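>>> below: sequence and its predicted model.
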Amino acid sequence: MSRAARPRGAGGPAAAATRAEAPPGSSPAWAVATCVALAAVAVSVTYRLFETDVWQHLLVGKAIWQLGHVPTTQLWSWPAYGDPEVNSAWAFRALIWKFWTAGGVWGLFAWRWLTTLAAFAALWAAARAMGARGFAALLAPVACVLVYRTRSQIRPETLVAVWLALQMWVLESRRHGGPDRTYLLPLIALAWANTHLSWFLGMVLNGIHVLAAVIAARGAARGRARDAADPRPGRLALLALASFAISFLNPFGWRALWQPFDFALHWRGEPMFQAIGELQRLPLAALRWNGVAIVLILWPLLLLWHSFRRRRDLVEWMVALVFIPIACSSVRFLGYLSLVALPYLARDLDAWAAARRWPAWTAPPWRRAAFTTLAVLALGIPSWTAGGTGVGFGIDTRFVPERACDWIAAHGVRGRGFNHFHVGGYLLFRFWPERDRLPFATIHPEALRPADRLAYERARTTVPGWHALDDRYRFDYALLYRRQLGGDVLLDALDADSSYALVFLDDVGALYVRRDGPLAALADSFAYRAAPGGRAAIGALGRACERDTVLRSRAIADLTRQAAASQRNAMANSVLATVFMIDGRMGDAEARLQQALVADPDLPRAHERLGLIALETGRPRDAVRELERAARETPVAPGVEYSLGVAWQKLGETGRARAAFRSAIARDPGDGRAIEALRALDRAAGGR
């Protein structure tokens, strides 16, 4: 049967059903496949919350309810206290606080599920209005949610997703002959402007549809239109203008609407903003993320195919030409791209699958439903099982200085504090409205004055920059993030600054207090004498402990106290294990490494050291087990394969020992120990 003569969608792997064979809602197989896709959407946004911004969102929502109004001045940062405030996300924050008070962590996850399912349901309704009917169309929401999931933390964009989806449903259902619900557009715009600074994207979508309607009307007037002309393009234009006008109805007026343009024109080039990961360009490596290649590559290819084979969809072209470039320019916009792409991707996948010739055995609806389910699982499982963002429940507190804030509360630390900006939200959550415990910087860099933003980034990345900022403000304490990221030198700068004493340290937070002033007594009582906080000083400590037994004893005492002060003690136990190894206390070192792995199962080089300890204490079988685990780490630590070869050699497994030594040489052709060990094995074999 020719392609022109056969019905659409004979069926196949994730293929489209014909509209005649699978009308909406009439096929049980279709209903089951739709439920599978819906479940995949919900599962995809079910992973542990780890972004630290959630704490400031919650606190500001709490403050709105407690104060009885939306604050229009800064109440969150002590250097900027009283400055004008622009909080475009106030409505989201007020709502999320109620979800938190109603259900805690369950409330936050309920928010994620409800907003995601509402957004994707509206987008699916838009796709159906555009003609998506087949089984293949069900792969579009699954692919798109795998992109969106990276933006599904507790953030204002989760509520924006609902407004954007509703707007697309209104516009696309009207464009394709459905009911005219464009009277909802101003209401959506009003909600969006009070939810997030991305309000302008709604205006862009309105503008695209107005432009397409005008072009269609002109084409119809000239007799060249391929589609029926929009009978009421003027009404759509007026409602688009009304949507823009009503957006000014927010507590901050025009200043809230100006924020995204201020960022594009001024803030984006500042060092503090450039250091934020989500504001970076989308890396090519992102194409390996499940779903990203489908949205960024397959959708444009289908758009071209659809244009050449059937008819050009001017709206789809304009949406793609606007949203794909801005998503590539900033990771933050990737979630929006996944949302706007969904209806078009669903329709185009459906059309492409329906145009294929599929084997007859794939025609029954239940087989197509089975193939669709398998395709959904194949798409989703890699993301659902990924380390860090695999399916899970709860809040990951490894990135908030919980125990450090406990220490601050217990010991009365107050005054002018300095902090890494991404922990400022948690400080607020713990201590607001105490003025003498407000953070220096919050999760919003724009809340700081311009001079302070520049000074912050210089302090973070240079020692002179830290001294200049400290001379300006004379801080009483500093709460820093323990992991030094992106050229951060603050811990090293404070380790070397005799004005400060390190009084608390765990895997997340480092607390330094000034040695003179109101916190001098704390510095005298709790300062660590030997164990520093920064990477450079810890490396120097290990080398110094090899020579200085007195320093070694002091370091052991300090590190033991650090490990006892917090359950987040992997780093303290890890360094302590290294010092014990230097001291020859292999049993104590092994015990500390085991404790470190309980706190952080991914602790770098822990299994390597456990293997070396097992070798040293005459347990080659245990050494092989630990060193093989170390050899699977990325990157592999230097010398692991050589040590593994030694362990196999002690067990009499010369073939495996030889293979391990060869792996060591392949990794480092200059590894003299491995070369000599391999030669010794060859000589022994030749002698026999």
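Perfect, thanks for sending it.

>>> run through the neighbouring helices and strands of the lengthiest helix in the chain.
Across the chain, the longest stretch assigned as helix under DSSP state H is helix 105-129. Judged by 3 or more CB pairs under 8 Å, 6 or more residues apart in numbering; DSSP states H and E, the packing partners of helix 105-129 are helix 28-44, helix 90-103, helix 139-148, helix 157-175, helix 334-354. From N, CA and C alone the C-beta is placed, and that goes for glycine too.

>>> tell me the mean pLDDT over it?
Computed over helix 105-129, the mean pLDDT rounds to 97.

>>> before we move on, what about stretch 292-308?
Stretch 292-308 comes out at a mean pLDDT of 91.

>>> which residues are contacting it?
143-144, 146-147, 286-287, 313, 316-317, 320, 324, 327-328, 334, 337-338, 341, 344-345, 348-349, 351-352 (CB atoms under 8 Å, 6 or more residues apart in numbering).

>>> how long is that stretch end to end?
24 Å (CA to CA, to the nearest Å).

>>> same check, this time on stretch 435-449
Stretch 435-449: ends 18 Å apart by CA to CA.

>>> all strands of the chain, in order?
Under the criterion DSSP state E, the chain contains strands at 417-419, 477-481, 500-505, 509-514.

>>> could you check the angle the last one makes with strand 477-481?
An angle of 160 degrees separates the directions of strand 509-514 and strand 477-481 when computed by axes from the mean of the first three to the mean of the last three CA atoms, to 10 degrees.

>>> export strand 509-514 to PDB, keeping only CA atoms.
Output in PDB follows, covering the C-alpha atoms of strand 509-514 (Å, rounded to 0.1, in the frame of the first residue of the first chain):
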ATOM      1  CA  GLY A 509      30.600  25.600  57.500                       C
ATOM      2  CA  ALA A 510      33.700  27.400  58.900                       C
ATOM      3  CA  LEU A 511      33.200  30.000  61.600                       C
ATOM      4  CA  TYR A 512      35.900  32.500  62.300                       C
ATOM      5  CA  VAL A 513      35.600  35.200  65.100                       C
ATOM      6  CA  ARG A 514      37.700  38.300  65.600                       C
END
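
>>> about what we covered before: any of the contacts of stretch 292-308 buried? List them.
143-144, 146-147, 286, 313, 316-317, 320, 324, 327-328, 334, 337-338, 341, 344-345, 348-349, 351-352 (16 or more other CB atoms under 10 Å).

>>> what is the burial count for residue 405?
Residues within reach of residue 405, counting by other CB atoms under 10 Å, total 22.

>>> that one touches residue 430, doesn't it?
Yes - under the criterion of CB atoms under 8 Å, residue 405 makes contact with residue 430 at 4.7 Å.

>>> contact partners for the residue nearest to residue 34 when sequence neighbours are not counted?
Spatial nearest neighbour of residue 34, excluding adjacent residues (CB to CB, 6 or more residues apart in numbering): residue 138 at 6.4 Å. For residue 138, the contact set (CB under 8 Å, 6+ apart) comprises 14, 33, 34, 36, 37, 346, 372, 376.

>>> would you point out the most distant pair within the residues you listed?
With distances taken as CB to CB, the most widely separated pair in those is 36 and 346, at 15.2 Å.

>>> which of those two has more residues huddled nearby?
Per other CB under 10 Å, whichever of residue 36 and residue 346 has more neighbours is residue 346, with 28 against 20.

>>> so that one is in contact with residue 142, correct?
No - taking contacts as CB under 8 Å, residue 346 lies outside contact range of residue 142: 10.4 Å.

>>> pull up the overlap in contacts between the two.
With CB under 8 Å, 6+ apart, residue 346 and residue 142 have no common neighbours.

>>> shaky segments in the stretch 101-250 of the chain?
221, 223-231 (pLDDT under 70).

>>> now do the contacts for the spatially most central residue of the chain.
The chain has residue 150 as the residue nearest its centroid, 5.2 Å off, counting by CA atoms, centre = their mean. Contacts for residue 150 (CB under 8 Å, 6+ apart) come out as 289, 334, 335, 389.

>>> what about it, distance to residue 255?
Per CB to CB, to the nearest Å, residue 150 is found 30 Å from residue 255.

>>> please apply the same query to residue 592.
54 Å.

>>> quick one: least confident helix or strand in the chain?
Ranked by mean pLDDT, DSSP states H and E, the helix or strand of the chain with the weakest confidence is helix 672-687, at a mean of 84.

>>> in that helix, what counts as buried?
673, 674, 675, 677, 678, 681.

>>> skipping its backbone neighbours, what lies nearest the fourth one in space?
Nearest in space to residue 677, with sequence neighbours left out and distances taken as CB to CB, 6+ apart, is residue 661 at 5.1 Å.

>>> burial measure for residue 435, as a count.
Counted with other CB under 10 Å, residue 435 comes out at 11.

>>> ah, wrong one, I meant residue 69
By the criterion of other CB under 10 Å, residue 69 has 10 neighbours.

>>> let the chain start at 747 from now.
Happy to do that; since the first residue is 747 now, the last one works out to residue 815.

>>> list the contacts of it.
Residue 815 touches nothing, counting by CB under 8 Å, 6+ apart.

>>> from residue 831, how far off is it?
12 Å.

>>> so where is the stretch 997-1146 of the chain shaky, pLDDT-wise?
Short version for the stretch 997-1146 of the chain, where the test is pLDDT under 70: 1056.
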